[in-house]
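S.K.: Structure, please.
(4 chains)
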2 protein chains.
Amino acid sequence: MSNFEALFDYIQEISGKLLSEDDKHLLMEHFKPKKLRKRQYFLQEGDVCKYIGFIVKGSARTFTVDEKGHEHILKLSLENWWLADFESFYLLTPSRFNIEALENLEVLQSTNAQIEEYLKHIPAFSAMANVISQNYTIANQKRMQAAMSYTAEERYEDLISNYPQFLQRFPQNMIASYLGLSPETLSRIRKNALK
Amino acid sequence: MSNFEALFDYIQEISGKLLSEDDKHLLMEHFKPKKLRKRQYFLQEGDVCKYIGFIVKGSARTFTVDEKGHEHILKLSLENWWLADFESFYLLTPSRFNIEALENLEVLQSTNAQIEEYLKHIPAFSAMANVISQNYTIANQKRMQAAMSYTAEERYEDLISNYPQFLQRFPQNMIASYLGLSPETLSRIRKNALK
DNA sequence: CGATTAACTTGATCTGGGTCAAGACCATGA
DNA sequence: TCATGGTCTTGACCCAGATCAAGTTAATCG
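M.R.: Coordinates of the predicted model:
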């Protein structure tokens, strides 16, 4: 119940449109609540990402494991973010990513086919999708630029100003991996920053 | 005339839908042909990106200049690609990027307001926009992963298999910058690859 | 065409950040 | 309660790739 309120609020806020009662019923019919305990996987490498999840509560990380066994975190996700490997979700190919709950996680999940229906029938939903797609494009552009032109220190400063919540919610080694750094290097950067 | 054929073909191919004669007239009415000579700028840092361009012929690079004066290429673009800093284009903020023609360039350009109209009135156009947005999201995910987990050599191999045309069309120092490498390093990688 | 400038190569050296190792500082739960 | 395993810090060392320098090849243009 209250789970869905979070989703409704989110859609209305991002899209700038209201959901009708019918819209809400349609959403409740096909978004399924799912709970994961800390360390459980929402998606495993090699599987097809059949579901997209809306995070109601908790946090997660999307990461790969390279052939040397090192993990690389590509995304850290909190409440009101969407959880999926979009490549696998759209194309139905096996995913190269893992998505793991970092805290106990409550999501509302749906399939690609169902999302298509929402896009067709719920104007607020498709308006939201357009806004999100813009935001993603912008965020990706920024992150790519940061990865290419910034030093480790600058990337950390950038994170502090753009995503201050991350520092409260994620352990430091996860943040290091997200920034493309070893935990030791991030530790030293933080030490230096207390000049 | 033939310029527009390239755009029409592209929209129809990507969207999987046909354009009506009315659709085509609407597109021809508001997409303006523009020619740039090699080294001319489509967009300069600090300006708002008012136009999005569809490349009919030629190539371009999107890059930033950091405070040390070093250039970083974020995107290399060829025929049938779209040219814009989407952050600036969507939000009307001053751009942090430069877009420069690397060869004589012919584009068809349009404004954000006009694109909104196309999205509303031309089904093939909005279907195309959805597909592109998916493709961008996927490509960005891949590129980010490559930047984080791959070595210089692996990134170059990756480029060869994903964008072999780049090697014909772009000078090596541009490719180096696109891969986040110094020209010297790329030169050495290529030398080694001829084992 | 030469001549000038840009692109590419090769070598020598330097450095940001990774790796390895060891210890300190926790949470969590049996 | 203390034992266990995860997280963070610190130091010593190392390496992929950058930087600097100089020479070579290839475009470009009057």
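S.K.: I'd guessed A:A124 sits against A:S15; true?
M.R.: Yes - with contact defined as C-beta atoms under 8 Å, A:A124 reaches A:S15; the gap is 4.4 Å. Any C-beta I mention is one placed from the backbone N, CA and C, and that applies to glycine too.
S.K.: Run through the residues that contact A:L26.
M.R.: Shown in contact with A:L26 (C-beta atoms under 8 Å, 6 or more residues apart in numbering or on different chains): A:117-118, A:121-122.
S.K.: Swap in 10 Å and give it another go.
M.R.: Neighbour list for A:L26: A:19-20, A:114, A:117-118, A:121-122, A:125 [criterion: C-beta atoms under 10 Å, 6 or more residues apart in numbering or on different chains].
S.K.: Of those, just the buried ones, ChimeraX syntax please.
M.R.: Command for ChimeraX, covering only those of these found buried under the criterion 16 or more other C-beta atoms under 10 Å in any protein chain shown:
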select /A:19,114,118,122,125
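S.K.: Mind checking which of the contacts of A:L26 are in strands?
M.R.: Using DSSP state E, no member of the contacts of A:L26 falls within strands.
S.K.: Next, give me the two most distant ones among the contacts of A:L26.
M.R.: Put simply, by C-beta to C-beta the two of the contacts of A:L26 set farthest apart are A:S20 and A:Q114, 18.0 Å from each other.
S.K.: Against chain B, how distant is the spatially most central residue of chain A?
M.R.: In chain A, the residue lying closest to the centroid (C-alpha atoms, centre = their mean) is A:S77, at 3.9 Å. Look at A:S77 and chain B: by C-beta to the nearest C-beta, to the nearest Å, they are 14 Å apart.
S.K.: right, and that residue touches A:K57 too?
M.R.: No - A:S77 is not in contact with A:K57 according to C-beta atoms under 10 Å; the separation is 11.9 Å.
S.K.: so what sits against both of these two?
M.R.: In contact with both A:S77 and A:K57: A:105, A:107, using C-beta under 10 Å, 6+ apart.
S.K.: what's downstream of the longest helix along chain A, the next helix or strand?
M.R.: Longest helix in chain A, counting residues (DSSP state H): helix A:123-149. Next in sequence after helix A:123-149, counting helices and strands by DSSP states H and E, comes helix A:152-162.
S.K.: who in chain A is up against DNA strand D?
M.R.: Contact residues, chain A versus DNA strand D (C-beta under 7 Å from any atom of the strand): A:171-173, A:183-184, A:186-188, A:190-191.
S.K.: which residues of chain A fall in helices?
M.R.: So, for chain A - with DSSP H - the helices run A:2-15, A:21-30, A:86-91, A:112-121, A:123-149, A:152-162, A:164-169, A:172-178, A:183-193.
S.K.: could I get those helices as JSON lines with distance to B:Q145 and mean pLDDT?
M.R.: JSON lines is the format used below for these (distance: least, C-beta to C-beta, whole Å; pLDDT from 0 to 100):
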{"stretch": "helix A:2-15", "distance to B:Q145": "26", "mean pLDDT": "93"}
{"stretch": "helix A:21-30", "distance to B:Q145": "31", "mean pLDDT": "96"}
{"stretch": "helix A:86-91", "distance to B:Q145": "10", "mean pLDDT": "94"}
{"stretch": "helix A:112-121", "distance to B:Q145": "22", "mean pLDDT": "95"}
{"stretch": "helix A:123-149", "distance to B:Q145": "11", "mean pLDDT": "92"}
{"stretch": "helix A:152-162", "distance to B:Q145": "17", "mean pLDDT": "94"}
{"stretch": "helix A:164-169", "distance to B:Q145": "20", "mean pLDDT": "94"}
{"stretch": "helix A:172-178", "distance to B:Q145": "13", "mean pLDDT": "96"}
{"stretch": "helix A:183-193", "distance to B:Q145": "20", "mean pLDDT": "93"}
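S.K.: what is the orientation angle of the longest helix of chain A with helix B:172-179?
M.R.: Orientation of helix A:123-149 against helix B:172-179 (axes from the mean of the first three to the mean of the last three C-alpha atoms, to 10 degrees) gives an angle of 120 degrees.
S.K.: Mind checking if helix A:123-149 is in reach of chain B?
M.R.: Yes - against chain B, helix A:123-149 shows contacts by C-beta under 10 Å from any C-beta of the partner chain at A:126, A:129-145, A:147-149.
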